[in-house]
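J.: Pasting the sequence and the predicted model now:
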Amino acid sequence: FRRDRLPRVEAYRVGDVQVIGLDSVGTESFLRQVVDTEGGMATRKRLENNTRDAFATRMYKSITYDMVPADDSTFNLVYKARPETPTMVKAGINENSFTGFGVQLNLTTRNTLTPASRSMVSLQVGENFRGLAEHLQFLGYRKPWSFRLQGYAEHQEVPAFSEFRRTGAYRSRYYTVDARVQRSSKRRSGGGFGFQWEKLRSIPRFESGAYLDGSNRFFQAYGFWRFNNLARPQYAERGLKAEAKLGYVFALNPSVKFYQDGRPTGELEGSGIPYGDYLRFEGQARHTSKLNEKWQWVSSAQAGANFSDRSSILNIFIAGGMNPTLRNQVVFAGLREGEVVSESIAVIQTGPRFNPFGNLYIGLQGGVLTSGFVEKSIGTDRRTLAGGALTLAYMTPIGPAEISVMGSTAGSGPRVYVKFGFPVR
């Protein structure tokens, strides 16, 4: 007995294509996504790739296909597709030691405003507001180019520190409109370029000391790149997720007033603080290696820098926290958000993660932070410190629940950090 005695079929001559499970409009758009035959021929690899590309659009719950022999030595290609609901409404909750409690609402619709598109609105209503509106337009089915228009609003109280002692807080308000063109490659990586308008507003909450009250508006032209081959978004056993953004910030329009113990001391104009256009970089990478069935090793690096000897006027980076919750945040285990702020920050962290059973995880990570490595004409506060955290996590059906005990060489003692759910952005 010998298996596979018949020759392997490398290509099929397709005579007819049928779609089961979709209406006439859905069938037309589906065929534009999956049908790709040259001279009426289709290879097994091409069929698999086209089906996966269609499924990756998240427009279908499942897609299967079969090659049915016909009487004229051709094959009928028969697809069975189960469509997703075109419009979905979701709700959830989010709790974080930094952002507080929030209720999340999401409305997502596909191919409603325009064909081959996805539109969504997400809100987080609670102690700190988040709002996101986005329209993603694919520039033709099964083509790698797309256009994304996004509006985002973020209200957050950010504590202010002096030598790791809290002195007050700023009520930060951030708004942006972002348009980008992007090209994806094999569902793992993508890149492109964009243009962004941003507005920052800082409202002080201080009883004494020196502080500022002001805003800044500016534009940014940028290029970006992303890569993600993780098997799942949370607690993946192996893989790499990385992204980088290089931009040029210009047309700054700041308005800032300075105070000392509640009394005005001056304004930005006339203060001698130089500001102007500058080059800006943001990047991060997180790699997970599988050691055995229970253990993984997780390493990450993140950096942000404004490359100019002039001030960015409020557009600085904020280090601290266990999870990304704030724009311009550089995550660092061991610090609370805002304990280190600078025009340039870089972090490296690494450590093991243990999965004793099911959805329970125990992680230990340590790292090093350095800040102020880009010189400024008004002086640079350079700083290097180490930190780490021990984390107990459980993946629930509605999101991850984590509790961490963290500390750093800053010497302010251990801190507890709690997280539940997913962020809006």
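T.: Great, that's in hand.
J.: Which of the three states applies to residue 31?
T.: helix (DSSP: H, G, I helix; E, B strand; the rest coil).
J.: Is it in contact with residue 22, as I believe?
T.: No - under the criterion of Cβ atoms under 8 Å, residue 31 is not in contact with residue 22, lying 9.4 Å apart. Bear in mind the C-beta positions are built from the backbone N, C-alpha and C, glycine included.
J.: Listing request: residues of the stretch 101-250 of the chain with sub-threshold pLDDT.
T.: For the stretch 101-250 of the chain, the stretches flagged by pLDDT under 70 are 141-142.
J.: what about the helices in it?
T.: In the stretch 101-250 of the chain, no helices are defined using DSSP state H, counting those that start in this stretch.
J.: Would you map the strands across it?
T.: 117-126, 130-138, 145-162, 165-185, 189-205, 210-228, 239-260 (DSSP state E, counting those that start in this stretch).
J.: who wins for proximity to residue 296 among those?
T.: With Cβ to Cβ, the closest approach to residue 296 among those belongs to strand 239-260: 10.2 Å.
J.: helices or strands up against the closest one?
T.: With contacts taken as 3 or more Cβ pairs under 8 Å, 6 or more residues apart in numbering; DSSP states H and E, strand 239-260 sits against strand 210-228, strand 263-267, strand 278-290.
J.: Dump the first one to CSV, keeping only the CA atoms.
T.: Written as CSV, here are the backbone C-alpha positions of strand 210-228 (Å, rounded to 0.1, in the frame of the first residue of the first chain):
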residue,chain,number,x,y,z
ALA,A,210,6.0,77.5,40.4
TYR,A,211,3.7,76.3,37.7
LEU,A,212,2.3,77.3,34.3
ASP,A,213,-1.0,77.7,32.6
GLY,A,214,-1.2,77.5,28.8
SER,A,215,-1.8,75.8,25.5
ASN,A,216,0.0,75.0,22.3
ARG,A,217,-1.2,74.2,18.7
PHE,A,218,0.9,72.8,16.0
PHE,A,219,1.1,70.5,12.9
GLN,A,220,3.1,67.4,12.3
ALA,A,221,4.1,65.6,9.1
TYR,A,222,5.3,62.1,9.7
GLY,A,223,6.2,58.7,8.5
PHE,A,224,5.5,55.5,10.4
TRP,A,225,6.1,51.7,10.4
ARG,A,226,4.5,48.9,12.3
PHE,A,227,5.1,45.2,12.7
ASN,A,228,3.1,42.6,14.6
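J.: Of the helices and strands packed on strand 239-260, which is nearest residue 244?
T.: Using Cβ to Cβ, the nearest of the helices and strands packed on strand 239-260 to residue 244 is strand 278-290, at 4.0 Å.
J.: Can you list the strands that the closest one pairs with?
T.: Using DSSP bridges, strand 278-290 pairs in its sheet with strand 239-260 (antiparallel), strand 295-307 (antiparallel).
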